[in-house]
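Undergrad: could you work out the structure for the sequence below:
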Amino acid sequence: MLRKKGKANIMYFITGDEHYYHGGKSGHDGIIKYCNRPFNDVEEMNEVQIENSNSVVKEGDIVIHAGDFTLLKDRKKIQKDLIDRLNGTHIFLKGSHDYWMPKHRSLQRWEGMIDGHYIVVDHYNMRTWARSHYNSWQLYAHSHGRLDPVGKQWDVGVDNNNFFPLSFEQIKEIMKGRPDNWNFIRPGGKRDA
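TA: Got it, this is the predicted structure:
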């Protein structure tokens, strides 16, 4: 259980690099080839990702998208054809292809505590991040599973996670196996050498 609101448990999920798109003139078939995604076309890719997400995310859950949600620009179409079909409440971070998001009102990064862990979510992988010297976690996308994490990091992009969003519980398990951050200050003020 992560947070209670009344009697309902609210779960956090984090994902990124979905590259939702539609075929035809506005289609982005290139992502399938570029990332060697196992889909015949963008319509199949969209439907599988929506189905995967809805199989684990419930209506009251919170989903943080670490950028590159879609290359579409039509916000009404994005809302109707994608967001309205996805379970949960969504927080969108601006990635390198999110032209649908207003520049002056878009979040670049999400930081906060979840279940006693300080989390930094950004579209990009970082070398250092807020509270990294205290072993905070950094979750990123953009690299499509091609950039190894360092310390308490993980690529939450769909290409690295079987086209599913990761629950916070899954991320906790992943982090148990990750080494400490390179700049971690151990209790007593000592850094790793």
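Undergrad: my read: Q49 touches D17, true?
TA: No - counting by CB atoms under 8 Å, Q49 stays clear of D17, with 10.4 Å between them. All C-beta atoms are positioned from the backbone trio N, CA, C, and that covers glycine.
Undergrad: quick one, helices of this protein?
TA: Applying DSSP state H to the chain gives helices spanning 30-34, 42-56, 75-81, 168-176.
Undergrad: any chance of these in a markdown table, plus mean pLDDT and mean neighbour count?
TA: Formatted as a markdown table, the helices of the chain follow (pLDDT from 0 to 100; neighbours: other CB atoms under 10 Å):
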| stretch | mean pLDDT | mean neighbour count |
| --- | --- | --- |
| helix 30-34 | 89 | 15 |
| helix 42-56 | 96 | 17 |
| helix 75-81 | 92 | 13 |
| helix 168-176 | 98 | 16 |
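Undergrad: I'd like these written out as CSV, with distance to L147 added.
TA: Shown next, in CSV, are the helices of the chain (distance: least, CB to CB, whole Å):
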stretch, distance to L147
helix 30-34, 15
helix 42-56, 21
helix 75-81, 27
helix 168-176, 15
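Undergrad: tell me which of the ones you listed lies nearest to D122.
TA: Across those, the minimum distance to D122, taken as CB to CB, is reached by helix 168-176, at 14.7 Å.
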